[in-house]
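Enquirer: predicted model, plus sequence, below.
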Amino acid sequence: MPESPDSTRTSHSDLTSHLAELDQLDQDEKLQQQQLQQRSSIPMAAFNFINSIIGSGIVGQSRLILLLICPNLQSFHLVTVISLCTI
């Protein structure tokens, strides 16, 4: 059944109003992001800096442990494989 011109106009106006609402929501979201960016302060920046240094230290320690353990495990496995092959 073909649509009447009135229903097409209604659909068009509904679409236009929906697009306007989406545009308003987008503008509101941008405004909220700008407000959040303005709230950062020196103590927050210092906390983030210190947190990154401590975090990298923790990652560095785990890498050091892996560097000490992995060669020993590889050596053990190599000796085990060689001894099994000679039997």
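Expert: Nice, thanks for sending it over. Numbering: from 1, shown residues only.

Enquirer: if I look at S13, how far off is A20?
Expert: 10 Å (Cβ to Cβ, to the nearest Å). Bear in mind the C-beta positions are built from the backbone N, C-alpha and C, glycine included.

Enquirer: and I58, how many residues sit next to it?
Expert: I58: 9 surrounding residues under other Cβ atoms under 10 Å.

Enquirer: packing partners for the host helix or strand of it?
Expert: Using DSSP states H and E, I58 sits within helix 42-86. Packed against helix 42-86 by the contact rule (3 or more Cβ pairs under 8 Å, 6 or more residues apart in numbering; DSSP states H and E) you find no helix or strand.

Enquirer: neighbours of I82, how many?
Expert: 9.

Enquirer: from F76, how far out is it?
Expert: Taking Cβ to Cβ, one finds I82 at 11 Å from F76.

Enquirer: what does H18 give?
Expert: H18 is 67 Å from F76, by Cβ to Cβ.

Enquirer: please apply the same query to Q32.
Expert: For Q32, the distance to F76 equals 57 Å [Cβ to Cβ].

Enquirer: got any ranges where the protein has weak pLDDT?
Expert: The chain contains residues with pLDDT under 70 at 1-10, 37-39.

Enquirer: so what's V59 up against?
Expert: Contacts for V59 (Cβ atoms under 8 Å, 6 or more residues apart in numbering) come out as none.

Enquirer: for S83, grab the count of nearby residues.
Expert: Using other Cβ under 10 Å: S83 sits among 9 other residues.

Enquirer: which of the residues in stretch 28-36 are buried?
Expert: By 16 or more other Cβ atoms under 10 Å, stretch 28-36 has no buried positions at all.

Enquirer: how far off centre is it?
Expert: Centroid separation for stretch 28-36 versus its chain: 20 Å, with Cα atoms, centre = their mean, to the nearest Å.
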